[in-house]
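**Q** Here's my sequence, what's the structure:
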Amino acid sequence: MKNRIFPIDELCALVEMNKRKIRFYIQKGLIDRPEGTGKGAFYTHRHLEQLLAIRKWKDAGLTLERIQELLDDEQHTAAGDKPVPPPRTKKTGTIEVWSHLHIADGVELHIEPQRSGLSPEQVRALCRAILMEFRNIQAGDT
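**A** Below you'll find the model as predicted:
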């Protein structure tokens, strides 16, 4: 599959994105421009990897700016093979969203989903598991 080429319609189907979104990502510099021009333009396995990585990281809640940093870091590595590294130094005005789980008086869990690489569903599952384990420990069922 590494040597295959894809017309835009096939690429859209493979990554479950529409043409408009793929062209937007090209315009933003998140993925490489297609090979060739006009109706003869085509996409390669590299484009497929870039788009799958973008989709994975968008689903995990990362911003397009953060995704650009990750793609820059992984230019010569297969997309998605490494865990999401911690973000670079924060810029003034950066807004962070944290999940805060109150477990009991004096017991809390703080999760920054973007850095943890967890999807919203995984964060919820983690919170449920932690609450259940905390109750077991309180009940002496360790």
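
**Q** rest of the way, CA atoms for contacts and neighbours
**A** Will do.

**Q** Return the distance of the residue nearest to the spatial centre of the chain relative to Y43.
**A** Residue closest to the mean C-alpha point of the chain, counted by C-alpha atoms, centre = their mean, is W57 at 0.8 Å. As for W57, its distance to Y43 is 21 Å (criterion: C-alpha to C-alpha, to the nearest Å).

**Q** returning to what we had before: regarding the residue lying closest to the residue nearest to the centre of the chain once chain neighbours are set aside, what is its secondary structure?
**A** Leaving aside its chain neighbours, W57 sits nearest to I67 (6.8 Å; criterion: C-alpha to C-alpha, 6 or more residues apart in numbering). Under DSSP: H, G, I helix; E, B strand; the rest coil, the three-state class of I67 is helix.

**Q** Show the model's pLDDT score for I67.
**A** Looking at I67, its pLDDT is 85.

**Q** Pretty sure it sits against K56.
**A** No: using C-alpha atoms under 8 Å, I67 makes no contact with K56, being 9.9 Å away.

**Q** Those two - which one has more neighbours?
**A** I67 (21 against 16; other C-alpha atoms under 10 Å).

**Q** For that one, give me its contacts.
**A** Contact analysis of I67 by C-alpha atoms under 8 Å, 6 or more residues apart in numbering lists 30, 54, 57-58.

**Q** What about those, which one has the most neighbours?
**A** I54 (25 neighbours).

**Q** pretty sure H110 belongs to a strand, no?
**A** Yes: assessed by three-state DSSP, H110 belongs to a strand.

**Q** Let's test this: mean pLDDT of stretch 21-30, rounded?
**A** The pLDDT scores in stretch 21-30 average 91.

**Q** Could you export that stretch as CSV, CA atoms only?
**A** Written as CSV, here are the backbone C-alpha positions of stretch 21-30 (Å, rounded to 0.1, in the frame of the first residue of the first chain):
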residue,chain,number,x,y,z
LYS,A,21,-11.6,19.6,5.1
ILE,A,22,-8.6,18.0,3.3
ARG,A,23,-8.1,21.1,1.2
PHE,A,24,-8.3,23.2,4.4
TYR,A,25,-5.6,21.1,6.0
ILE,A,26,-3.4,21.6,2.9
GLN,A,27,-4.0,25.3,3.0
LYS,A,28,-3.0,25.4,6.7
GLY,A,29,0.2,23.4,5.9
LEU,A,30,-0.9,20.4,8.0
